[in-house]
Structure formats: structure tokens, C-alpha cells
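K.L.:
Sharing a model prediction with you, sequence too.
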Amino acid sequence: GTSLAKDISPFAKEVPGEPRLVERFETYCNAWEVGNAFSELNDPEEQRRRMEEQLEQAHARGEKDKQLDDEFLDAIDQGMPPAGGLGIGVDRLIMLLTNAPSIRDVILFPARRNKAD
């Protein structure tokens, strides 16, 4: 599997012996990235530490309305079994199924350039 930096995957487990990396991989089909997947972090203390760090960063950026999700942390503390997360891009999947050469061909509301450009 592929490992990526922990700071961009706050809900993923660390790679044993590599505290800067997490257990995460990307799925490809026909040379296109279809989705991302990872081993879910189920250590309540580590998850709290990461979420508090993210909250501090958000508050430093002026996002004062952000709050710590204590209910989520309490649920993990009750005992979360090993789990995995998977995010599949519907637009990428439609590209694959329709053999569309560009993501612009399948996005419902694509960003349009100004006609003056």
C-alpha cells in the first residue's frame, strides 16, 4: 500500500514505525484515479490530539465557529473496531463508465471560462 503524510489524512492510522505517514492508498482504473481509501484511526487519544491540533489551526486562521466533535470522540472511546474508509469520486466513475476523455464532459456544473478570456 501507499503511505501519505499524516497532516492531510487526519482520520487515517499511522504507519507502524513511521509517525509522519499514514496507511492510505488511491485506487486507479484505466490510469485514472477513482478514489482514496485508508485504515481508519480508532485510537481515541490520538484522534483527540489530531482534532485539537486541527482546531487550533482553524482558530488561528480566524475560523472561530469550529468546535471539537466530542460525540465522535466519545463514540470512538466506547470501542471502535478496525475499520476502513473509502471515497469514490462519482465524476471519475462516470468518466470510466462512459469512456469520457475529460472530467469536464461529466461534471454537472463545470466551471466556465469568461468568454472574454
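P.N.:
Yes, it's here. Numbers count the residues shown, from 1 in each chain.
K.L.:
Do me a favour and average the pLDDT over the longest helix along the chain.
P.N.:
Taking DSSP state H as the criterion, the chain has its longest helix at helix 44-60. Here helix 44-60 scores 91 as its mean pLDDT.
K.L.:
tell me which residues in it are buried?
P.N.:
If you call a residue buried by 16 or more other C-beta atoms under 10 Å, then helix 44-60 has these buried ones: Pro44, Gln47, Arg48, Arg50, Met51. The way it works is simple: take the backbone N, C-alpha and C, and place the C-beta from them, glycine included.
K.L.:
List the residues that contact the nearest residue to Glu52 once chain neighbours are set aside.
P.N.:
Spatial nearest neighbour of Glu52, chain neighbours left out: Leu68 (6.6 Å); criterion: C-beta to C-beta, 6 or more residues apart in numbering. Residues near Leu68 by C-beta atoms under 8 Å, 6 or more residues apart in numbering: Arg48, Met51, Glu52, Leu55.
K.L.:
Packing partners of the longest strand seen in the chain?
P.N.:
Taking DSSP state E as the assignment, the strand of the chain that covers the most residues is strand 18-29. If contacts are counted by 3 or more C-beta pairs under 8 Å, 6 or more residues apart in numbering; DSSP states H and E, strand 18-29 sits against strand 3-5, strand 14-15, strand 32-39.
K.L.:
mind running it again at 10 Å?
P.N.:
Using 3 or more C-beta pairs under 10 Å, 6 or more residues apart in numbering; DSSP states H and E as the contact test, the elements touching strand 18-29 are strand 3-5, strand 14-15, strand 32-39, strand 84-88, helix 90-98.
K.L.:
for this protein, what are the low-confidence residue spans?
P.N.:
By pLDDT under 70, the weakly predicted segments of the chain are 1-4, 109-117.
K.L.:
that older thread, so which of the buried residues of helix 44-60 is the closest to Ile103?
P.N.:
Arg50 (31.2 Å; C-beta to C-beta).
K.L.:
Okay then, goodbye and thanks.
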